[in-house]
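# Could you look at this predicted model? Sequence included:
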Amino acid sequence: MKEKRLPDIVYSLVFMMIGIFSFVIAQGFPEDFIMKLGPDFYPELLSVALIILSLTLFIRTILGKNTSKFIAINIRDKRFQKVIISLGLAILYAMFLKRVGFIPITILFLFAFLLLLNIRKPLTLIAVPIVASFALWFVFQKILTVSLPIGLLSLLGY
Amino acid sequence: MDFALFINSFSNIFQFNVMLAIFIGVAGGIAIGALPGLTGTMGVALLVPFTFGRPSAEGLGMLIGIFSGSMYGGSISAILINTPGTPSAAATSLDGYPLSKKGQAGRALSMSLFASFFGGIIGVIIMTFMSPIIAKAALEFGYVEYFALALFGLSIIISITNESMIKGLISGIFGLLIATIGMDPTSGYPRYTFGRMELLSGPSFIPVLIGLFAVAEVFNSIENLSTQQKLDTKIDRYLPSLTDIKRSTKNIIKSSIIGTAIGSIPGAGGDIAAFVAYGEAKRSSKHPELFGTGEIEAIAAPEAANNACMGGAMIPLLSLGVPGDAITAVLLGAFIMQGLQPGPLLYQEHIDVVYNVFSSMFIANIVMLILGIIGIRFFVKVITIKKEILFPIIFCLCIVGSFSMRQNIFDIWLSLIFGVIGYLMIRAKFPLSPILLALILGPMAESNLRRSLTVSQGDPSILLSRPIAIGLYIIALLSIISSVIKQKKIRKRLESQSQEKL
């Protein structure tokens, strides 16, 4: 495996930006004259610590003292694309859960996900989504009394 | 230790619903533990939503069952396919897999079960006696000590869980910053909420937990889907032979005590306990050269230690409110959701709950033994389940689980966001456990720090005014320094190895 330095540089810069961002926002928190230490004190302390630590990681990486090795993200890698598509499926699922309703959207989601992971047997593709959706619905709705979104089924008068 | 209460607590546990919950928990835990890629933490994270709205004895019983089951379950895949199902079972595969190759998988599995059971029981017994003593001592703790305790818990997990100290520290601080989202506990001012009502009470624990430990793992596994392992091992026995038991008794007892002691140190979990016990068994063995070739004692030692570790880890969790590792951090979160704040006051106000935990752990270990004997043929099959079918269902479970606590779509987004953060951090080898611990310990650290500094009118020397606090800082500092030294050694060894290869 080839050693890649770039990811650690990117990560340290991202954490540094998070530190600076949270520090700047904490500046806007009101001061507390009676207690001396207002709501800004602790986040500021942490932000400064985060900035110092990520700066250290950044410098160590630049100087070549960082020995951690890992595979950089490669957009053209098929396996990485699968991760992105599965995230996309999950986003669609969350977006349409309320409107479409739990059971139909879960069946669709599972079907698409199984296809994505190279399942091609028709029986598996149909049976697994249906059985799993109804099982989840039964456990959460009936046993744990969570009210799952009904969605389209409400049109049928349920 | 009140024996009448302790005995009485068993009558709370011997109820159909509670026993069923423990039973499901242990079975689920063994299955999850046996599946490589699904860790106990992931299992607890996925199953916590099932305990919502249930009485505390049921909910906690189930979680304790998962915890116990997953420790043993990990050894099944370690022995049969040389892939530890959980990190705690890594030491078991060293001798378990060679035994399995010799056609003695049944012998290895039954010893693993037997040792796990005994280790678990010894851990529970030590915990039952020790934790009330520590809780009593902790009643004297003030703001300064609690701040030191929070810092101590964080520093130890940071120093242990990762290969790069600086990445562990960044994870920890990042987690502490996330913990500040929501209303400031002292002044009530909303911090980093960006006008979202849902964030006022902070990022809710369960979606964040599911995101970091389940969604992120699913993403990671999708990327690393490997071809399925083939299994052709026959299980020929379900109970260890008397000769094997006789040979291993000394090691089991010793390893159980080692495991409990290591478990009680915040930050040190089952994997470390298992390796220390393995090392000690090898050191004291009459023929250490046989270790690694399929010694039965080499399975007994780590398996007794990692289950005993659970009892140990419950000591600081219950008596101080400080979780020792990721999985106990999840348990702590589950306690809080039940409206119970672990710590010395729990022993004053809810001693019944404390005893219920003791007896649930006791029962969970017995259930594990029974299920292990009669269910091993089924649990072995679990390893052959197709990951391609399992992961989509787990992903669904993540989403429904995040949704179910507040019945809120926002929580699904939260778990997906933390899933992505977790995935990116796993890829770059930033450890995730410090984030989880920081989420739990962050509010404790902040409120006690600010109260201390308010009492002293801003003078930071108050933080050094109490001897117990100073002691905790010193141990924290030592653990960080020693792990830096350890890392340097490992790095040197790696360098010399790569030079040898050249």
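Yes, it's here.
# which parts of the stretch 151-300 of chain B sit against chain A?
B:163-164, B:166-167, B:169-170, B:173-174, B:176-177, B:180, B:184, B:186-187, B:189, B:191-192, B:215, B:218-219, B:222-225 (CB under 8 Å from any CB of the partner chain). Where C-beta positions appear, they are placed from N, C-alpha and C, glycine not excepted.
# go again using 6 Å as the cut-off
Within the stretch 151-300 of chain B, the positions near chain A by CB under 6 Å from any CB of the partner chain are B:164, B:166, B:169-170, B:173, B:176-177, B:180, B:184, B:187, B:189, B:191, B:219, B:222-223.
# where does residue B:384 land in three-state SS?
What DSSP: H, G, I helix; E, B strand; the rest coil gives for residue B:384 is coil.
# any idea how far chain A is from it?
Remark: distance between residue B:384 and chain A (CB to the nearest CB, to the nearest Å) = 15 Å.
# Equivalent analysis for residue B:151, please.
12 Å.
# Point me to the helix or strand that includes the spatially most central residue of chain A.
In chain A, the C-alpha nearest the mean C-alpha coordinate belongs to residue A:87, at 8.1 Å (CA atoms, centre = their mean). Under the criterion of DSSP states H and E, residue A:87 resides in helix A:78-100.
# Run through the neighbouring helices and strands of that helix.
Under the contact definition 3 or more CB pairs under 6 Å, 6 or more residues apart in numbering or on different chains; DSSP states H and E, helix A:78-100 sits against helix A:102-116, helix B:216-223.
# next structured bit after the last one?
Toward the C-terminal end, the helix or strand that comes next after helix B:216-223 (DSSP H and E) is helix B:242-263.
# How about the contacts made by residue B:438?
Contacts of residue B:438 were listed using CB atoms under 6 Å, 6 or more residues apart in numbering or on different chains, and they are B:172, B:175, B:176, B:179.
# which among these gets closest to chain A?
residue B:176 (5.2 Å; CB to the nearest CB).
# Doesn't that closest one lie inside a strand?
No: assessed with three-state DSSP, residue B:176 is helix; it does not lie in a strand.
# My understanding was that it contacts residue A:47; is that so?
No: using CB atoms under 6 Å, residue B:176 is not in contact with residue A:47; the gap is 10.2 Å.
# Tell me, please, where in chain B the pLDDT is lower than the cut-off.
Counting by pLDDT under 70, the ranges of chain B that qualify are B:1, B:160-163, B:226-233, B:267, B:490-491, B:494-495, B:497-502.
# follow-up on the earlier one: quick one, which of the helices and strands packed on helix A:78-100 is packed in tightest?
A comparison of those by mean neighbour count, using mean count of other CB atoms under 10 Å in any protein chain shown, puts helix B:216-223 on top with a mean of 22.
# which residues are in contact with it?
Residues outside helix B:216-223 that contact it (CB under 6 Å, 6+ apart): A:79, A:82-83, A:86, B:37, B:42, B:391, B:394-395, B:419, B:422-423, B:426.
# same check, this time on stretch B:36-48
B:32, B:63, B:66, B:70, B:77, B:83, B:85-86, B:206, B:209-210, B:213-214, B:217, B:221, B:326-327, B:330, B:334, B:397.
# what sits against residue B:416?
Residues near residue B:416 by CB under 6 Å, 6+ apart: residue A:90.
# Just confirm it is within a helix.
Yes: counting by three-state DSSP, residue B:416 falls inside a helix.
# ok, so what distance separates residue B:366 from residue B:117?
Going from residue B:366 to residue B:117 by CB to CB, to the nearest Å gives 8 Å.
# for chain B, what are the nearby residues on chain A?
Residues of chain A lying close to chain B (CB under 6 Å from any CB) are A:7, A:11, A:15, A:22, A:32, A:35-37, A:39, A:42-43, A:46, A:49-50, A:53, A:56-57, A:68, A:70, A:79, A:82-83, A:86, A:90, A:94, A:106, A:110, A:113-114, A:117, A:119, A:128, A:132, A:136, A:140, A:146.
# just the buried members of these?
Among the residues of chain A next to chain B, those classed as buried by 16 or more other CB atoms under 10 Å in any protein chain shown are A:7, A:11, A:15, A:22, A:32, A:35, A:37, A:39, A:42-43, A:46, A:49-50, A:53, A:57, A:68, A:82-83, A:86, A:90, A:94, A:106, A:110, A:113-114, A:117, A:119, A:128, A:132, A:136, A:140, A:146.
# Can you dump the C-alpha atoms of stretch A:136-145 in CSV for me?
Listed next in CSV are the C-alpha coordinates belonging to stretch A:136-145 (Å, rounded to 0.1, in the frame of the first residue of the first chain):
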residue,chain,number,x,y,z
LEU,A,136,-40.0,-4.2,11.2
TRP,A,137,-43.4,-2.7,11.1
PHE,A,138,-44.9,-5.3,13.3
VAL,A,139,-42.1,-5.0,15.9
PHE,A,140,-42.0,-1.2,16.1
GLN,A,141,-45.7,-0.4,15.5
LYS,A,142,-47.3,-3.3,17.4
ILE,A,143,-44.9,-4.3,20.1
LEU,A,144,-43.0,-1.0,20.7
THR,A,145,-46.1,1.2,19.9
